[in-house]
Structures are given as C-alpha cells and as structure tokens.
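Visitor: structural data only, the sequence is not supplied:
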C-alpha cells in the first residue's frame, strides 16, 4: 500500500542521518533513521505555532506506511531506527 500524499510529505521531512554511537568518533558512526509515528501533540505549549497544522489524524501514517519507512531505512543502510511523534 502506497501512503497518500500527505503522509508522504510528512515522512519525507525526516531524513536519514549519520550519527556516531556515544563515545565513538564520527568515522565509526552508524546510519540512523527517524520514523514518525504521529503528528499529534497534547502539550499545548503557549508558544507553539504549528499545533493546528499538525494535530490532524489524516497526517498520521498507516501501519503499512510505518513498516515501509522502516524497510526503506534498512535498504538505505540504517542500523538504528528511532521513533518520534506525539
């Protein structure tokens, strides 16, 4: 299942980045992917200017889209996956 355009746009903003493990030089870094599970937030920070833009369930990726993101990260050589959102 291919994610819709809104989900694709959100997931494309989370690039795969190289990050070394703690205490290791950058040359020994591993590839890390951040997978967004949701854009929903219940913090209600007074300074937040994107709350109304992000708190939309239609932006949340489906389970299939999350699994696809994980598979893409693995294919790109990532050895560490971090999950973000909420």
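Guide: Sure thing, it's come through. Please read all numbers here as calculations on a predicted model, not as lab measurements.
Visitor: hey, let's count contacts and neighbours off CA atoms from now on
Guide: Noted.
Visitor: which strand in this protein runs the most residues?
Guide: strand 30-38 (DSSP state E).
Visitor: all helices for the chain, in order.
Guide: Per DSSP state H, the chain carries helices over the ranges 5-12, 51-54, 63-75.
Visitor: name the helices or strands packed onto the longest one?
Guide: So the one you mean is helix 63-75. strand 30-38 (3 or more C-alpha pairs under 8 Å, 6 or more residues apart in numbering; DSSP states H and E).
Visitor: so what are the sheet partners of the strand it packs on and their directions?
Guide: Using DSSP bridges, the strands paired with strand 30-38 in its sheet are strand 17-19 (antiparallel), strand 80-85 (parallel).
Visitor: now tell me which of these the model trusts least on average.
Guide: Least confidently modelled of the strands paired with strand 30-38 is strand 17-19, at a mean of 59 by mean pLDDT.
Visitor: quick one: low-confidence parts of the chain?
Guide: Across the chain, the ranges flagged by pLDDT under 70 are 1-21, 23-29, 86.
Visitor: please repeat the previous calculation with a cut-off of 50.
Guide: Applying pLDDT under 50 to the chain picks out residues 1-3, 6-7, 10-11, 27.
Visitor: re earlier: next, the angle from the longest strand of the chain to helix 63-75.
Guide: 170 degrees (axes from the mean of the first three to the mean of the last three C-alpha atoms, to 10 degrees).
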